[in-house]
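J.: I need the structure of the sequence given here:
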Amino acid sequence: MNIRLPLVLLGLLPIAAAAEPLAMPAWRSLTLELPPAFVVKAELERIEPDDAPLLARPRTLTPRTSRLLHLKVTSHLKWFLTTKSWLGDLWLQPDRVALQRNRLKSGKRPNLKIYRYAEDGVYRLRYRPDERNESPPDRWPLESERFYPYPRAVRQRCSVISDPYVLLILLSQDEVPGEPLCLFNKRTVYQVTLQRQGKRSISVAYRLDGDTVQTRLEAERWLIQPVPLEPQRSPEPFEFLGMEGTIEVLRDPATHLPVQFQGRVEGFPRARLSLTRVRH
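T.: The predicted structure follows:
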């Protein structure tokens, strides 16, 4: 007998119907490092909708605002004989609605994935280079295309669906949102909560527009807690900045800068990404 538990028994909370518009955080670029193996750089800008290279597919979302946010995240991992790089681009509206995410992976098996958000699901297109690998990524041949429709639970509960990258912006807002978020991760929509867990004393040292900041502070401690809205589908682990599962974030209460992320990274059971550079 197949017994389906109510969503509330699975730890899923009501999701707010409306989202506060995102404000531009104080930073325009952040660099986080796990020396010497892992480096993540994030860059954020406002752009015109016509400047976003949005893919055309049936029922895809079109910009409804005069300005969009473009978040670029570059990750580089070098550990023993392993060298990998990821270049991610996210285009979203200030109301957190994700429009498209591109993910370019380099290394032994390079590929380009495009996640294009639609009214009722997400398109995923994967491109790979030919054997000679001489063409730029925008000329790679299409290897596969799939559509992941939103199941009923998602359609009923999520008025706004975004991308995990939006967490970097949300954690830099003056007020971190308390309502659960709906975030599409690879093939599945997750309910993600940002839960405050007291404070932690931490020493920080980073470059701020050419100056050096070195101090000790009582950082806010937050947990990123993901729960799949389709637990019966055995989804892939939730991933954010190369970390999987539940992730701990330490945030400066004065500047609202995320100064440390801690979680599981490939090759590291428990990794810490620390803030090393900020540009306003």
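
J.: can you give me the strands in the stretch 151-280 of the chain?
T.: 181-185, 188-208, 211-228, 239-240, 243-251, 258-265, 268-279 (DSSP state E, counting those that start in this stretch).

J.: between these, which one is nearest to R103?
T.: strand 239-240 (10.6 Å; Cβ to Cβ). Where C-beta positions appear, they are placed from N, C-alpha and C, glycine not excepted.

J.: so K199 sits against E218, correct?
T.: Yes. Counting by Cβ atoms under 8 Å, K199 does reach E218; the two are 4.8 Å apart.

J.: next, the contact list for A52, please.
T.: 63, 68, 70, 91, 99-100 (Cβ atoms under 8 Å, 6 or more residues apart in numbering).

J.: per-residue confidence for it?
T.: A52 is assigned 98 on the pLDDT scale.

J.: so what does it look like in phi/psi?
T.: phi -90, psi 120 (degrees, to the nearest 10).

J.: count of residues packed around L71?
T.: 19 (other Cβ atoms under 10 Å).

J.: against P129, how distant is it?
T.: For L71, the distance to P129 (Cβ to Cβ, to the nearest Å) stands at 25 Å.

J.: then L104?
T.: L104 is 11 Å from P129, by Cβ to Cβ.

J.: what touches both of those two?
T.: 110, 137.

J.: what's next to the host helix or strand of D89, contact-wise?
T.: Per DSSP states H and E, D89 falls inside strand 82-92. The contact list for strand 82-92 (Cβ under 8 Å, 6+ apart) reads 47, 52, 54, 68-78, 98-107, 162-163, 165-166, 242, 267.

J.: let's see that with 6 Å instead.
T.: 52, 68-77, 98-107, 163, 165 (Cβ atoms under 6 Å, 6 or more residues apart in numbering).

J.: what do you get for stretch 169-176?
T.: Taking Cβ under 6 Å, 6+ apart as the rule, stretch 169-176 contacts 22, 25, 177, 194, 249, 256, 258.

J.: buried ones in it?
T.: Within stretch 169-176, the residues scored as buried using 16 or more other Cβ atoms under 10 Å are 169-172, 176.

J.: now for these: which two are most distant?
T.: Pairwise distances across the buried residues of stretch 169-176 peak at 10.8 Å for I169 and V176 (criterion: Cβ to Cβ).

J.: wait, which of the strands of the stretch 151-280 of the chain is closest to E33?
T.: Nearest to E33, of the strands of the stretch 151-280 of the chain and by Cβ to Cβ, is strand 268-279 at 4.8 Å.

J.: now for that closest one, which elements pack on it?
T.: strand 29-34, strand 188-208, strand 258-265 (3 or more Cβ pairs under 6 Å, 6 or more residues apart in numbering; DSSP states H and E).

J.: which of the ones you listed sits most buried?
T.: Most buried of these by mean neighbour count (mean count of other Cβ atoms under 10 Å) is strand 258-265; its value is a mean of 22.

J.: any idea how far it is from the chain center?
T.: Relative to its chain's centre, strand 258-265 lies at 13 Å (Cα atoms, centre = their mean, to the nearest Å).

J.: and for stretch 172-187?
T.: Worked out by Cα atoms, centre = their mean, stretch 172-187 lies 9 Å from the chain centre.

J.: pLDDT of it, averaged?
T.: Stretch 172-187 comes out at a mean pLDDT of 94.

J.: just stretch 110-127 next, same as before
T.: Per-residue scores along stretch 110-127 average to 97.

J.: just stretch 201-210 next, same as before
T.: 96.

J.: what residues does it touch?
T.: 213-214, 216, 218-219, 250, 259, 275-278, 280.

J.: the strand holding D89 pairs with which strands, parallel or anti?
T.: Using DSSP bridges, strand 82-92 pairs in its sheet with strand 68-79 (antiparallel), strand 98-106 (antiparallel).

J.: next one: the spatially most central residue of the chain relative to A23, how far apart?
T.: By Cα atoms, centre = their mean, the chain has its centre lying nearest to Y165, at 2.0 Å. Distance, Y165 to A23, by Cβ to Cβ: 16 Å.
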